[in-house]
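Enquirer: sequence? don't have it. structure:
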DNA sequence: CGCTTGATTCGC
DNA sequence: CGAATCAAGCGA
């Protein structure tokens, strides 16, 4: 299975990319352990005019430097001093667009992820939430700024077909500080019924394909 | 410098 | 509901 092409990430429309990432597969290969998850929730952060974005007003620091890099790189940062949050950088160099990955469905390497999380994969908060999925997949600061075509951390198309009407759109979470931009419908997630359908499809699949 | 606040999670 | 835990970001 091949990584999504760079052209996927270089496009201007970060909202469209955030929506299209639903159903795609994040895969990590760390110390010979392959783990992966299917993306079920994302948020778009739309550049220097977006008050919720770390890059609002053109703010450029050591932390958010990755956002100013080229699309197709990872932006990983520490939140609340303890959680690593994983973003996909989009658009061209110096246009700081990004998509925050907020939830995945456990797919491959479930035993490895259960060890990292010290939780059973059936636990409701196993990998739903931006800080828990990074822990499950083993994503950390060592992945900040790396290209998503690499073996260690990549996103590919798992051919899970998601229809337009299976995706719900809401305001973003935890961005109250962003004033009126906190109300923008920039969060995308699978409907509950579609989640169940996906879960059902997964239970019939060979985990090692 | 020192103080405040997060793109959060978990346990009580 | 509050603790954990640290680096931006901001004002002095």
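Expert: Now that the structure is in, tell me what you want to look at. What you are looking at is a predicted structure, and each value in this text was computed from that prediction instead of being measured. Numbering: from 1, shown residues only, chains lettered A, B, ... in the order given.
Enquirer: Low-confidence stretches in chain A?
Expert: Scanning chain A for pLDDT under 70 picks out A:206-209.
Enquirer: Mind naming the longest helix for it?
Expert: helix A:192-203 (DSSP state H).
Enquirer: phi, psi of the residue in chain A positioned nearest to DNA strand C?
Expert: Here the residue of chain A nearest DNA strand C is residue A:81; by CB to the nearest atom of the strand that distance is 2.7 Å. No exception for glycine: its C-beta is placed from N, CA and C like everyone else's. Taking degrees, to the nearest 10, you get phi 70, psi 0 for the backbone angles of residue A:81.
Enquirer: near DNA strand C, which residues of chain A show up?
Expert: Residues of chain A lying close to DNA strand C by CB under 7 Å from any atom of the strand are A:54, A:59, A:61-64, A:78, A:80-82.
Enquirer: Closest to residue A:93 out of these?
Expert: Nearest to residue A:93 among these: residue A:64, at 14.4 Å, using CB to CB.
Enquirer: Double-check that closest one against residue A:96; I have them as touching.
Expert: Yes - taking contacts as CB atoms under 8 Å, residue A:64 lies within contact range of residue A:96: 7.2 Å.
Enquirer: Who has more neighbours out of those two?
Expert: With other CB atoms under 10 Å as the criterion, residue A:64 and residue A:96 differ in neighbour count, and residue A:96 comes out ahead with 27 against 18.
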